[in-house]
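**Q** Just need the structure, nothing else, for what follows:
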Amino acid sequence: MLRFIRTEPVKYADLHFHSSASDGKYSPVSLGKYLTRRRIAAASLTDHDTINGFKSFTKSYRGIAIPGVELSVIKDGHDIHILGYGFDPDNNRLNEKLAYYRDVRHKRVFHIIERLRDLGMPISNEDVVKNIPPGASAGRPHIARTLVARKWVRSETEAFDKYLDYDKPAYVPKAKMTLSEALELIHQARGIAVLAHPGKSNGDSIQKIIQNPDLDGIEVWHPNHSDDLSREWLTITKETDRAATGGSDFHASAEGKSDSLGMYGLEIGVWILFKKKLIERETFIAPYL
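**A** Okay, here's the model as predicted:
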């Protein structure tokens with residue numbers, strides 16, 4: 001269960017975290033309640049390729065809920081992630097495209113399971129699928145949790161390090177959108193598009209993406225960004241008149257550590273600027289802010 005341990009000051013807004021609707025461990029409802037207890041004033045549930053958890057999240061969360069999603073993009077052969085914010089969660093075209101990629105994700109899981117069997121770990125499709133909630137966006141963490149439960153590895157981190165991460169023996173590439181497809185999909189749903197955790201991605205590809213005039217913002221604050229790196233990205237957002245966002249990228253509680261949910265994100269001053277950007281771009285959420 002989510003622990004309520006305050007080890008450092010919380011932020012005003014956490015705009016990047018995941019629920020069991022994709023590859024997170026906890027339900028949207030439990031995340032909403034937790035963020036409410038932590039007094040996070042604004043939040044965005046950014047599950048991979050799905051917004052199915054948004055409505056249940058809003059019912060349990062007593063702050064400003066921003067519609068969000070995380071999309072996988074291919075750029076120059078590198079995996080890049082784009083965050084969408086403030087869009088219409090009932091947009092037909094967006095939901096149809098997300099449903100397609102969720103189906104692709106499920107098929108990818110079965111291919112990874114086949115590779116693991118070839119490596120001497122005879123887990124079944126049912127072992128993994130039974131832990132994926134109906135309608136959820138399947139991902140590698142679901143497989144990692146199965147490997148832990150079957151005692152093939154001691155932790156999810158070990159599962160990724162040995163088998164599931166890029167260039168590891170059980171890794172299977174997934175279908176991804178082009179950058180232009182992702183940006184257009186978010187914009188037509190009346191949202192804004194933000195480059196996710198640039199510090200985790202290929203530098204040359206990131207520089208090309210930043211030059212794209214249709215990119216609306218950059219995720220400045222992230223657990224994988226050092227203070228110096230965050231300052232560099234913040235400077236870039238100011239120079240290019242783009243939104244600065246941030247979040248915990250929370251998936252699950254790490255063993256022996258306090259929960260990071262709500263500990264990364266925006267201070268109130270930056271939140272005000274982000275809210276202004278959502279209003280200026282006439283996003284779907286703008287009338288409610």
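
**Q** which residues does T245 form a beta bridge with?
**A** E219 (DSSP bridges).

**Q** Point out where the protein drops to low pLDDT.
**A** 1-9, 201-205, 254-258 (pLDDT under 70).

**Q** from memory A43 sits against A13, does it?
**A** Yes - look at A43 against A13 with CB atoms under 8 Å: they come within range, at 6.5 Å. Glycine gets a C-beta too; all of them are placed from N, C-alpha and C.

**Q** okay, and the common contacts of those two?
**A** Residues within reach of A43 and of A13 at once, by CB atoms under 8 Å, 6 or more residues apart in numbering, are I64.

**Q** more crowded one of these two?
**A** A43 (31 against 26; other CB atoms under 10 Å).

**Q** Determine whether the claim that that one is in a helix is correct.
**A** No - if the criterion is DSSP: H, G, I helix; E, B strand; the rest coil, then A43 is strand and not within a helix.

**Q** show me the residues around it that make contact.
**A** Contact analysis of A43 by CB under 8 Å, 6+ apart lists 13-15, 17, 32, 35, 61, 63-66.

**Q** separation between it and A144?
**A** Distance from A43 to A144, counting by CB to CB, to the nearest Å: 25 Å.

**Q** Repeat that for L215.
**A** Here the distance between L215 and A144 works out to 31 Å (CB to CB).

**Q** Neighbour count: these two, which is higher?
**A** When neighbours are counted by other CB under 10 Å, L215 and A144 differ, and A144 comes out ahead with 24 against 19.

**Q** I'd assumed that one was in a helix, is it?
**A** Yes - secondary structure of A144 (three-state DSSP): part of a helix.

**Q** got the contact list for it?
**A** 153, 156, 159-160, 164.

**Q** Okay, buried residues for the longest helix seen in the chain please.
**A** Longest helix in the chain by number of residues (criterion: DSSP state H): helix 92-118. Within helix 92-118, the residues that count as buried by 16 or more other CB atoms under 10 Å are 94-95, 97-98, 101-102, 104-106, 108-109, 112-113, 115-116.

**Q** same check, this time on stretch 163-181
**A** Buried residues in stretch 163-181, counted by 16+ other CB under 10 Å: 163-164, 170, 174, 176-177, 179.

**Q** closest to L266 among the residues you listed?
**A** Using CB to CB, the shortest approach to L266 within the buried residues of stretch 163-181 belongs to L179, at 24.6 Å.

**Q** my read: the closest one touches Q211, true?
**A** No - contact criterion CB under 8 Å: L179 and Q211 do not qualify, at 11.1 Å.

**Q** now stretch 61-71, how far from the centre of its chain.
**A** 11 Å (CA atoms, centre = their mean, to the nearest Å).

**Q** what's near enough to touch L164?
**A** 112, 140, 143-144, 170-171 are the contacts of L164 under CB under 8 Å, 6+ apart.
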